[in-house]
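1. next one to model:
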Amino acid sequence: GVRDVMFLYEENRCSMTYMYEYPEYLKIKLPKKTARRYPAYELYLYGEGNYAEENKNLLLTGIPVLFLPGNAGSYKQVRSLGSIALRKAEDVDFKYHFNFFSVNFNEELVALYGGSLQRQTKFVHECIKVILKLYKDREFAPSSVAIVGHSMGGLVARALLTLKNFKPELINLLITQATPHVAPVMPLDKYLTDFYTAVNNHWILKAQDLRNLTTLSVAGGFRDYQVRSGLAFLPRLSQHDSALSVVSSAVPRAWASTDHLSIVWCKELILATIRAFFDLIDENTRQITEDPKKRMSVLNHHFVRHPAKMFEENPEAYTHLTGAFNWITVKGSKWTYSVYNDSDGKYFSFPLASHRKSYSHVYCENSMLDTSSWIYGCMSTNSSMCLEAADLSWRAELLPTTKVVMLKLLDYPSLSHIVIQVPPAVGNKYTLGCEFFKEDSRTVQLPVTHLFSFGFSSSKILLNSTGLLYNVQLQHFNQIYQAFKIYIDSHCQSLKERKPSVYRLHIPWSYEDSITVAKVPSLAEISAKLHIAQPHSDSSLPELNIYSSPDCQYEVILKTSLLQVLGQIVRFHAGAFPVYIVSNILLTYGGQLNTLRSTGQCSDFSLELVRTAKPYKVEPLISIVVFLQGFNWFREIWESLSLPEVDAAVLSSQDAWFPLVSLILFLFGTGIAYWSGVFFSTSLRLFSSLWLTLIRPTELQKEKLITPSRLCGMISLALVSWTTCGAFAVLIIYLQYLFKVLKGTYTVKAQSSVDSIPEATQSPSNSKTLAEAVNSLKMHITVLNLFTWIVLLNLPSLIYWLKNLRYNVRLDPDPCRSTAIILVCILEILMNSSTSEVKSSKLLKIAAKVPLPLSVAMLAFGRMHLYRVPHFVTFSLLLHVLCCFV
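-> Numbers count the residues shown, from 1 in each chain. Predicted coordinates for the structure are as follows:
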């Protein structure tokens, strides 16, 4: 499953963007107060060559666009947008041009540490004010800024609207690239999840206030394994008419999936964005149009359905068909025509009266990919010619090798003819085709194979193509855990050269289509899986559109792909892996305490894991709670107890949860916990062996739990946690503990080799001390195993702190400060404890029983809130420490 997500995706079909002149970044001077408040952040203006020179005095006359980089992103990522916009402005002789600004967020890790998101949002607000001030007193001064946000930059842009003193009219257009809008990829701290909740709630509750803001979210598709595309779809409840979410594989003229970084420089996607920017300009104000309807129609034109025409706001309803062209009447229901070096133009006229009774639709295609009109509708009774006609080219759709149009005859009752224009073509070679058909004859239904068929069975359908288009409807394909391989095998009767076939997987409830172009004859393979499950209110079926060649046979074979099903589980739930791993280790830890209580011996970690970590101990209870939460009375009781919502219930409401996923994740967690335990123990043995060759071992001796020096160490580490960074103190105590366990391992190893002499010479107390030391060591290794995951979960805030150390010694806000102080105190005592003190404790029974309910609680409330995991572990360790005293 991991391999499928990380490596098995389509090749990169994006072209690189290049600068024609050397890129320059002009630093914009910020007000002193802003610069002092945000010392790590900066604002830049992008430029190249002469354009950069002209802008050095900041006498700007263009349209401002602000680029916001994402997690660990650079302000220099603006160059692809800036450079292509500059080339496009040169094409129109700088009648219009854009000024691209970019914010330097010091490459902060905001996807992993949410403490600085609010700071970034406030800084962007200051930047917008500074940018608009630069245009003051200009002839066409802007009153708003367009924003392009990559990754977390898009979320920061959306968060601007949550600021109290922010005026919504300051931004009228927001384009986000691979931004996780729905939820954080890794919810590692409370600040991150709270920030998401605040932003998404504001956008849902204040949807009416956001009518003037047009938002486009572009997701990267399956190549982007960092942010799955489902997260990049804007919350469904918010603004139906002014928000648009698309996957890059469905964007016309791009038709390519992008990875998380290439979405910033993918030439095809950047070209679509810049073309949209130029089409959004209002000729009167020389700025981006204030009309939300026009903004949406431009974005739909470039990102959803491209009619192979240049954008026009109000295209002419009727056109005069002039020119000394030959008029040819076509009476058949099928027609194809090849153009090669035609010196005179032609009009092909198709009378509709004879076809209306027998057929429901007309479909036409044209492989000449220019932007001129080519298909018209006539209302004249004269069949030989028609002077005024409706331009039907706006109903067309652009595909990689052809432009196609499909019309339902009932929708056009007033049309008497359809006319296709073939202009003189010198040196050009292209083909046209039209056919009339009944919808039922071209639509076939194919039920998808069951999830548990594991690819052994398949669904097949044979299409004896006599036409140009077939729709294969995929029945029962609506869940994210379904994944299929579709094979399309094409055979043709004659071996003449044919244009390639186009296969489109069309998902009607979201813009996530994918297009495959294949030679004919050939065997094409298509992966079919979803980014978003079908909404409950939607009953439409996904379709495989086959734009076929006549006189060819197409066989469609569909199989469940087990690898890709596992890939979908990893794609949607990889963020929850740490919870399942820690849950397994915690169950093992409880099992070891239980064994210690009943037998007086501490069992080995690997053996105890196999014996104790069972999914049936934790899963049924969570499933019961999720089921009961479907009832109002239970929900009311749950809320009255002030309990947080169960994460599985939230995931179910987002259609991202399915029955066996928790079991699979639990077993996966068991596997990782087992092998990480084996690796950990082996590493300890290896290092202790090295140590043994270098240093003489000390005698095994019992140590006091608390000494004045340890108390000082405890207080100093608590101070480090309070004054600098909690994660830093946690790392220090972890290394100290690791050193202690390493020392214990090599002392036990040395003692064992000494005690391997004949039994007669051994003293009973010596072997008892050794057995006690071995028991303690096993317990310490499990605690250290648990603690390793706490350190890993706190690592992002430590990296963030180290990176920003030159600006501030104290991490503020710190997500793990209070937890760190408690952990320092617990582990300072725990690392010197032995199992002999714990064995005789009155609290051992409770301490051994508690890890099970804690594991259940961890899986119930920690999947979407990873920062809660250390709290459960800390509580368990606190009981262990109390066992040493009580």
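
2. tell me, please, where in this structure the pLDDT is lower than the cut-off.
-> 236-240, 323, 381-384, 465, 659, 695-703, 746, 749-766 (pLDDT under 70).

3. what strand or helix carries the nearest residue to P235 once chain neighbours are set aside?
-> Leaving aside its chain neighbours, P235 sits nearest to N200 (5.5 Å; criterion: CB to CB, 6 or more residues apart in numbering). For the C-beta atoms, the positions are set from N, CA and C on the backbone; glycine is no exception. Per DSSP states H and E: N200 is located in helix 190-205.

4. so how far is that helix from its chain's centroid?
-> Distance, stretch centre to chain centre, for helix 190-205: 17 Å (CA atoms, centre = their mean, to the nearest Å).

5. also stretch 137-152?
-> Its chain's average C-alpha position is 26 Å from that of stretch 137-152, according to CA atoms, centre = their mean.

6. list the buried residues for stretch 187-197?
-> Buried residues in stretch 187-197, counted by 16 or more other CB atoms under 10 Å: P187, L188, D189, K190, Y191, L192, T193, F195, Y196.

7. stretch 831-839 now?
-> Of the residues in stretch 831-839, M831, N832, S833, S834, T835, S836, V838, K839 count as buried by neighbour count, 16+ other CB under 10 Å.

8. can you pull out the strands in the stretch 301-450 of the chain?
-> Under the criterion DSSP state E, counting those that start in this stretch, the stretch 301-450 of the chain contains strands at 318-320, 326-329, 334-342, 346-351, 361-366, 375-378, 388-391, 397-398, 403-408, 417-422, 425-437, 443-447.

9. number of residues surrounding M296?
-> Burial measure for M296: 17 neighbouring residues, criterion other CB atoms under 10 Å.

10. before we move on, what about V783?
-> By other CB under 10 Å, the residues close to V783 number 23.

11. I figured it hits L830, correct?
-> Yes: counting by CB atoms under 8 Å, L830 is a contact partner of V783 at 6.4 Å.

12. now do the domain split for the protein, please.
-> 16-304, 318-440, 448-569, 575-696+709-752+765-884 (the TED database).

13. of those, which is nearest M6?
-> Nearest to M6 among the domains of the chain is domain 16-304 (5.7 Å), distances taken as CB to CB.

14. ends of the closest one, what's the gap?
-> End-to-end span of domain 16-304 (CA to CA, to the nearest Å): 23 Å.

15. could you say what helices and strands the helix holding N200 packs with?
-> Packing partners of helix 190-205 (3 or more CB pairs under 8 Å, 6 or more residues apart in numbering; DSSP states H and E): helix 117-134, helix 152-159.

16. a markdown table for those helices, including mean neighbour count and distance to L823?
-> Output for the helices and strands packed on helix 190-205, formatted as a markdown table (neighbours: other CB atoms under 10 Å; distance: least, CB to CB, whole Å):
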| stretch | mean neighbour count | distance to L823 |
| --- | --- | --- |
| helix 117-134 | 19 | 26 |
| helix 152-159 | 27 | 29 |
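
17. quick one: closest of the ones you listed to F577.
-> Here helix 152-159 is closest among these (CB to CB), at 21.6 Å.

18. list the helices and strands the closest one packs on?
-> Using 3+ CB pairs under 8 Å, 6+ apart, helix 152-159 is in contact with strand 63-68, helix 117-134, strand 145-150, strand 171-177, helix 190-205.

19. any chance of those in JSON lines, plus distance to K845?
-> Formatted as JSON lines, the helices and strands packed on helix 152-159 follow (distance: least, CB to CB, whole Å):
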{"stretch": "strand 63-68", "distance to K845": "55"}
{"stretch": "helix 117-134", "distance to K845": "45"}
{"stretch": "strand 145-150", "distance to K845": "54"}
{"stretch": "strand 171-177", "distance to K845": "54"}
{"stretch": "helix 190-205", "distance to K845": "33"}
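
20. closest one to W335 among the ones you listed?
-> strand 171-177 (42.1 Å).

21. contact partners of the closest one?
-> Residues outside strand 171-177 that contact it (CB atoms under 8 Å, 6 or more residues apart in numbering): 128, 144-151, 153-155, 157-158, 160, 212-218, 232, 263-264, 273, 280, 288, 290, 295.

22. related to what we said a few turns ago, list residues touching both of V783 and L830?
-> With CB under 8 Å, 6+ apart, V783 and L830 have common neighbours Y737, L877, H880.

23. remind me which helix or strand L463 belongs to.
-> Following DSSP H and E, one finds L463 within strand 458-465.

24. for that strand, packing partners?
-> Secondary structure elements in contact with strand 458-465, counted by 3+ CB pairs under 8 Å, 6+ apart, are strand 443-447, strand 469-475, strand 552-560.

25. still on that earlier bit, reformat the buried residues of stretch 187-197 as CSV; add distance to W657.
-> Output for these, formatted as CSV (distance: CB to CB, whole Å):
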residue, distance to W657
P187, 16
L188, 21
D189, 24
K190, 23
Y191, 26
L192, 21
T193, 18
F195, 24
Y196, 19
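
26. circling back: could you tell me the angle between the strand holding L463 and strand 469-475?
-> 160 degrees (axes from the mean of the first three to the mean of the last three CA atoms, to 10 degrees).

27. could you dump strand 458-465 to CSV, C-alpha only?
-> Provided in CSV are the C-alpha atoms of strand 458-465 (Å, rounded to 0.1, in the frame of the first residue of the first chain):
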residue,chain,number,x,y,z
SER,A,458,-13.4,-9.5,-13.7
SER,A,459,-16.2,-7.6,-15.4
LYS,A,460,-16.0,-7.5,-19.2
ILE,A,461,-17.9,-5.8,-22.0
LEU,A,462,-17.3,-5.9,-25.7
LEU,A,463,-18.1,-2.9,-27.9
ASN,A,464,-18.3,-3.4,-31.7
SER,A,465,-17.7,0.2,-32.5
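
28. and that strand, which strands flank it?
-> Here strand 458-465 has these sheet partners by DSSP bridges: strand 552-560 (antiparallel).

29. contacting residues around the partner strand?
-> Strand 552-560 has contacts (CB under 8 Å, 6+ apart) with 446, 448-451, 453-455, 457-465, 470, 472, 474, 482-493, 498, 520-521, 528, 544, 546, 548.

30. now which of those residues would you call buried?
-> Looks like those have 446, 448-449, 459, 461, 463, 465, 470, 472, 474, 482-486, 488, 490, 492, 498, 520-521, 528, 544, 546, 548 buried, using 16+ other CB under 10 Å.

31. would you mind checking the contacts of strand 171-177 for buried ones?
-> Counted by 16+ other CB under 10 Å, these give 128, 144-151, 153-155, 157-158, 160, 213-218, 232, 263-264, 273, 280, 288, 295 as buried.

32. gap between the two ends of stretch 4-15?
-> Using CA to CA, the end-to-end distance of stretch 4-15 comes out at 24 Å.

33. and for stretch 302-316?
-> End-to-end distance for stretch 302-316: 20 Å, by CA to CA.
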